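Novice: Got a predicted structure plus its sequence, pasted below:
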Amino acid sequence: MRSWRKLVAVATAALTLTALGACSDTRDEGGSGGDGTADASDTLIGIAMPTRSLERWNNDGAHLEELLKNEGFQTSLQFADNKVDQQITQIQNMINEGADVLVIASIDGTALGPVLQTAADAGIKVLAYDRLINDTPNVDYYATFDNELVGTMQGQFIEDQLGLKDGKGPFNIELFAGSPDDNNARFFFKGAFDVLKPYLDSGKLVSPSGKVPASLDQWTQIGIQGWSSQTAQSEMENRLNSFYTDGKSVDVILSPNDSLALGIAQALDGAGYTVGDDWPLLTGQDADVANVRNILAGKQAMTVWKDTRTLGDQVAKMVTQIVNGEDVDVNDTKSYDNGVKVVPSFLLKPQVVVKDDVQSVLVDSGFIKASDVGL
Ligand code: BGC
């Protein structure tokens, strides 16, 4: 199947003849055996991941590849160094190689329209992995964790720990958001901002830097491009140097994920904050090993853990259903509008992890090794 699929895919890409639409239909039938079951060993699944530089994507990619291989599929796993053009080239290569299904964790969710049109012309199904792909009709399914809930959990954690509901405060807070080109980042910020905004309005939370978006739509003003730890660190250093000069100290920092939290913790270290004395409450997401160490050391209060193995399991199941022409397992058909359509989604539940949960939740489940975090 692959070799002639490849020919069709290349021809489609090169000629972009509408007449080839008919070929796509034939090819779809070719994806299955005569009895409707797929010939797995002849089926290629392309997996496009954003970068190797973050622990989570390495784990996600490796786990998903292993699951799909266990199903008997051929796989092509690529990481794009957080460069949009590189990801587009990798996806185009997967199409040329005759991929049957593409699983894509996008870098810029708005940049894949043209290459996904080529995929659609070649009859290839597309599943958006963790991050939604926007502004194109050519994304068939989406599997992720409930992104807004991640932010809600961070906001509620801050609310609980500071006793805001009991009227405690005022506290000095600094807000950070994720990469402006990542569709998830807005959801994370929305979840947290909905919880925290009333306290910012009432003055129980005060932001000395003034870096508080006037409304949710302006969240990109505090976004950290590429989720970079270094950028987050220098942003935090700037805020501390400029707005905390008169003996003021920061009490709490909303960090949307662990890569930002790592940089922020470095800035706090550099500014002389000490655990057990004035170290502020710092949030995160992902349960990256370096951050779990920081949690154990008291430098990060929590992380929102997304067991990416369960996301891989779900995606492998959905891919298998797509290949077999079966109904695809989704549990949300209203939350994720990509600007062109609502993409049928499967949402998994994230979980808050604090110091006391590291052994029982992260280590005992095999997500991280005790020895990696000094336990
Ligand atoms: C993911 C997060 C991750 C971030 C940076 C987001 O799209 O959902 O888990 O921390 O990207 O890679």
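Specialist: Thanks, I have the structure now.
Novice: doesn't E174 make contact with D251?
Specialist: No: D251 is not in contact with E174 according to CB atoms under 8 Å; the separation is 9.3 Å. C-beta coordinates here come from the backbone N, C-alpha and C atoms, glycine included.
Novice: More neighbours: these two, which one.
Specialist: E174 (25 against 19; other CB atoms under 10 Å).
Novice: Nearest residue to that one in space, please, no chain neighbours.
Specialist: The shortest distance from E174 to any non-neighbouring residue, by CB to CB, 6 or more residues apart in numbering, is to I253 (4.8 Å).
Novice: Helix, strand, or coil at that neighbour?
Specialist: strand (DSSP: H, G, I helix; E, B strand; the rest coil).
Novice: So what's the gap between stretch 44-57 and the chain middle?
Specialist: Distance of stretch 44-57 from the chain centroid (CA atoms, centre = their mean, to the nearest Å) equals 11 Å.
Novice: can you check stretch 355-364 too?
Specialist: 22 Å.
Novice: C-terminal to the helix or strand of the chain with the lowest mean pLDDT, what's the next element?
Specialist: When the helices and strands of the chain are scored by mean pLDDT, DSSP states H and E, helix 21-30 comes last with a mean of 34. Per DSSP states H and E, the first helix or strand lying C-terminal to helix 21-30 is strand 44-49.
Novice: That following strand - which strands sit beside it in the sheet, and in what orientation?
Specialist: Using DSSP bridges, the strands paired with strand 44-49 are strand 74-79 (parallel), strand 101-104 (parallel).
Novice: Could you single out the most deeply buried of those?
Specialist: Among the strands paired with strand 44-49, strand 101-104 has the highest mean neighbour count (mean count of other CB atoms under 10 Å), at a mean of 28.
Novice: Please state the offset of it from the chain centre?
Specialist: With CA atoms, centre = their mean, you get 15 Å for strand 101-104.
Novice: what's it in contact with?
Specialist: 43, 45-48, 64, 87, 91, 94-95, 112, 119, 124-129, 133, 315, 319, 322-323 (CB atoms under 8 Å, 6 or more residues apart in numbering).
Novice: Please, a PyMOL command that selects the buried ones among these?
Specialist: Written as a PyMOL command, the selection of buried residues from those, which uses 16 or more other CB atoms under 10 Å, is:
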select buried, resi 43+45+46+47+48+64+87+91+94+95+112+119+124+125+126+127+128+129+133+315+319+322+323
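Novice: Cross-check the contacts of strand 101-104 against the ligand and keep the overlap.
Specialist: When CB under 6 Å from any ligand atom is applied, no member of these is adjacent to the ligand.
Novice: beta partners of the closest residue in space to F346 that isn't next to it in sequence?
Specialist: Nearest residue to F346 in three dimensions, chain neighbours excluded: A143, at 4.6 Å (CB to CB, 6+ apart). In this entry, A143 is beta-bridged to Y129, F346, by DSSP bridges.
Novice: Okay, now the unreliable bits of this protein?
Specialist: Within the chain, the stretches with pLDDT under 70 are 1-38.
Novice: Do you have the helices of it handy? List them.
Specialist: Remark: helices assigned in the chain by DSSP state H are 2-15, 21-30, 55-70, 84-96, 113-121, 147-162, 183-202, 229-243, 258-270, 289-296, 308-324, 357.
Novice: Determine which of those approaches V139 most closely.
Specialist: helix 113-121 (6.7 Å; CB to CB).
Novice: Alpha carbons of that closest one, as PDB, please.
Specialist: The C-alpha coordinates for helix 113-121 follow below in PDB (Å, rounded to 0.1, in the frame of the first residue of the first chain):
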ATOM      1  CA  GLY A 113      -3.100  25.100   6.900                       C
ATOM      2  CA  PRO A 114      -1.300  24.700   3.500                       C
ATOM      3  CA  VAL A 115       0.500  21.500   4.400                       C
ATOM      4  CA  LEU A 116      -2.600  20.000   5.800                       C
ATOM      5  CA  GLN A 117      -4.500  20.800   2.600                       C
ATOM      6  CA  THR A 118      -1.900  18.600   0.800                       C
ATOM      7  CA  ALA A 119      -2.500  15.900   3.400                       C
ATOM      8  CA  ALA A 120      -6.200  16.100   2.900                       C
ATOM      9  CA  ASP A 121      -5.800  16.000  -0.900                       C
END
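Novice: right, and the strands paired with strand 44-49 - which one's nearest L268?
Specialist: Closest among the strands paired with strand 44-49, using CB to CB: strand 74-79, at 30.6 Å.
Novice: Just want the angle from the closest one to helix 84-96.
Specialist: 170 degrees (axes from the mean of the first three to the mean of the last three CA atoms, to 10 degrees).
Novice: ok, and does strand 74-79 reach over to the ligand?
Specialist: No: applying CB under 6 Å from any ligand atom, one finds strand 74-79 separated from the ligand by no less than 11.9 Å.
Novice: same question, stretch 136-156
Specialist: No: counting by CB under 6 Å from any ligand atom, no contacts exist between stretch 136-156 and the ligand, the nearest distance being 6.6 Å.
Novice: Buried residues in that stretch, which are they?
Specialist: 136, 138-156.
Novice: quick one: it to chain centroid distance?
Specialist: 8 Å.
Novice: So which residues on the stretch 251-375 of the chain come close to the ligand?
Specialist: Counting by CB under 6 Å from any ligand atom, the stretch 251-375 of the chain sits next to the ligand at N257, S259, Q285, D286.
Novice: ok, now which ones touch the second one?
Specialist: When you say that, I think you mean S259. Counted by CB under 8 Å, 6+ apart, S259 has contacts L54, W227, S228, S229, A232, D286, D288.
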